[in-house]
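[1] next come a sequence and a model predicted from it.
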Amino acid sequence: MPIPTEPIGSIPRPPDLVAGAQRFATGRLSRDQFARLQDAAIRDTIRRFEATESPVITDGEQAKPSFATYPIHGLTNLAPDGVTIPFADGHVRQLPRLTAGPFRYQTYADGYVARARALAHVPVKQAVIAASALSLLYPQDGIRGYPREAFLSDLLREAETDIRRCLAQGAHVVQLDFTEGRLAVKFDPSKRLLKSFVDLNNQVLQRFTAEERQRIGVHTCPGGDRDSTHSADVDYADLLPTLFELQVTNFYIQCASETDRGKALRLMKQHVEPGQRVFVGVIDPIDPSVETPEEVRDRVLEAAEYIPLDRLGTTDDCGFAPFSDDTSTDRETAFAKIRARVAGTALAARALQA
């Protein structure tokens, strides 16, 4: 029985696209010129993705400004001074702050699906940002004339619409990016924030049928930006029991870069619910060395000691460039790692059938 394997999402952008985004932001490149750069990057990404023989691909998020902010890019009711996310190496990313209502998406991810499926010859998955991440846009001191309850109602509707439109467009799977899950425990060790995030996401997921949720998943990792993380020091024991309460079928869980993979796998085995599939991370996007297929095979065989084979899949720990300006990993390395994941997963499947 083959073991399913899927990517997380992002692939490093070509240098000309990174430079073009900077020129476009400062008015030195027209919208049409920038769109042509994006189109070329998407075509090249899909061509190279398919060459890895990955059975499921993405568009590499070549047209997203970031995995988190694509729905709100261009909104006029935002200020730049929102929640700050510190990374272990000292750099930070900062979310914007909502200044007025109503809250509306500017971009839905189904457009990315349509663009990719027109070029691809294999199934295309689509990552979307979780409602919990976007809930951080609302300021703690509130917004005059736009109470938090009204904001959450708008947010839930928009998050549902984003997922539903991707499903309707034919996405193989819609994956909720939930990197703020582990970070929530760091912000609030009582885990009240984590539980509120899971509850909020479940309010979105409950709007879908059980059949629709077969094509919905969630990704968790400790962040991955400029070869650094924001919450790798948070014990998985404080995250995974609550994570598996999310009402999705597929769980994409960072594991390759864990210091104690055995402990992480034991926790997965302990808390995974019936009917849920675990895609275990077997590739570390932050490590500059490329894993061999044999290394991947051994990681899969280790995971199979804990996760039943009919509920086991493999993935990368994280996207390779969740933010569009991240050039810490080059495209060649990313695709080499993906080839290793695909080949190593196949080796493991053959070994398990022997």
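    Looks like it came in fine.
[2] every contact and neighbour count from this point should use C-alpha atoms.
    OK.
[3] so where do the strands sit in the stretch 1-150 of the chain?
    Counting by DSSP state E, counting those that start in this stretch, one finds strands in the stretch 1-150 of the chain at the ranges 78-79, 84-86, 92-94, 97-98, 126-129.
[4] paired strands for the longest one, with orientation please.
    What it means is strand 126-129. The pairing partners recorded for strand 126-129 under DSSP bridges are strand 174-177 (parallel).
[5] and the pLDDT at the nearest residue to residue 144 once chain neighbours are set aside?
    Beyond its immediate neighbours in the sequence, the residue positioned closest to residue 144 (Cα to Cα, 6 or more residues apart in numbering) is residue 100, lying 7.7 Å away. Looking at residue 100, its pLDDT is 96.
[6] and what of residue 10?
    The predicted local confidence for residue 10 comes out at a pLDDT of 95.
[7] next: residue 120.
    For residue 120, the model assigns a pLDDT of 98.
[8] and the residue nearest to residue 144, how far is that from residue 151?
    With distances taken as Cα to Cα, to the nearest Å, residue 100 is found 10 Å from residue 151.
[9] in this structure, what spans have low per-residue confidence?
    Flagging of the chain using pLDDT under 70 yields the residue ranges 1, 354.
[10] check contacts around the residue positioned nearest the centre of it.
    Taking Cα atoms, centre = their mean as the criterion, residue 177 is the residue nearest the geometric centre of the chain, at 3.8 Å. For residue 177, the contacting residues are 67, 127, 128, 129, 130, 218, 219, 220, taking Cα atoms under 8 Å, 6 or more residues apart in numbering as the criterion.
[11] may I see those residues organised as JSON lines, with distance to residue 10 added?
    Supplementary listing: the contacts of residue 177 in JSON lines, determined by distance: Cα to Cα, whole Å:
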{"residue": "67", "distance to residue 10": "8"}
{"residue": "127", "distance to residue 10": "9"}
{"residue": "128", "distance to residue 10": "12"}
{"residue": "129", "distance to residue 10": "13"}
{"residue": "130", "distance to residue 10": "16"}
{"residue": "218", "distance to residue 10": "15"}
{"residue": "219", "distance to residue 10": "13"}
{"residue": "220", "distance to residue 10": "14"}
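[12] which of those residues are buried?
    Among the contacts of residue 177, those classed as buried by 16 or more other Cα atoms under 10 Å are 67, 127, 128, 129, 130, 218, 219, 220.
[13] on that earlier part again, show me which of residue 100 and residue 151 is the more surrounded one.
    residue 151 (21 against 18; other Cα atoms under 10 Å).
[14] what about the more buried one, which helix or strand?
    Secondary-structure element containing residue 151, defined by DSSP states H and E: helix 148-168.
[15] kindly export that helix (C-alpha atoms) in PDB.
    Taking C-alpha atoms only, helix 148-168 is exported to PDB below (Å, rounded to 0.1, in the frame of the first residue of the first chain):
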ATOM      1  CA  ARG A 148     -15.300  42.100  18.800                       C
ATOM      2  CA  GLU A 149     -18.400  40.000  18.400                       C
ATOM      3  CA  ALA A 150     -19.200  41.700  15.100                       C
ATOM      4  CA  PHE A 151     -15.600  41.200  13.900                       C
ATOM      5  CA  LEU A 152     -15.600  37.500  14.800                       C
ATOM      6  CA  SER A 153     -18.900  37.000  12.900                       C
ATOM      7  CA  ASP A 154     -17.300  38.600   9.800                       C
ATOM      8  CA  LEU A 155     -14.100  36.600  10.300                       C
ATOM      9  CA  LEU A 156     -15.900  33.300  10.600                       C
ATOM     10  CA  ARG A 157     -17.900  34.000   7.400                       C
ATOM     11  CA  GLU A 158     -14.800  35.000   5.400                       C
ATOM     12  CA  ALA A 159     -12.800  32.100   6.600                       C
ATOM     13  CA  GLU A 160     -15.600  29.700   5.700                       C
ATOM     14  CA  THR A 161     -15.900  31.300   2.300                       C
ATOM     15  CA  ASP A 162     -12.200  31.000   1.600                       C
ATOM     16  CA  ILE A 163     -12.200  27.200   2.300                       C
ATOM     17  CA  ARG A 164     -15.500  26.600   0.500                       C
ATOM     18  CA  ARG A 165     -14.400  28.400  -2.600                       C
ATOM     19  CA  CYS A 166     -11.100  26.400  -2.700                       C
ATOM     20  CA  LEU A 167     -13.100  23.100  -2.400                       C
ATOM     21  CA  ALA A 168     -15.500  24.200  -5.100                       C
END
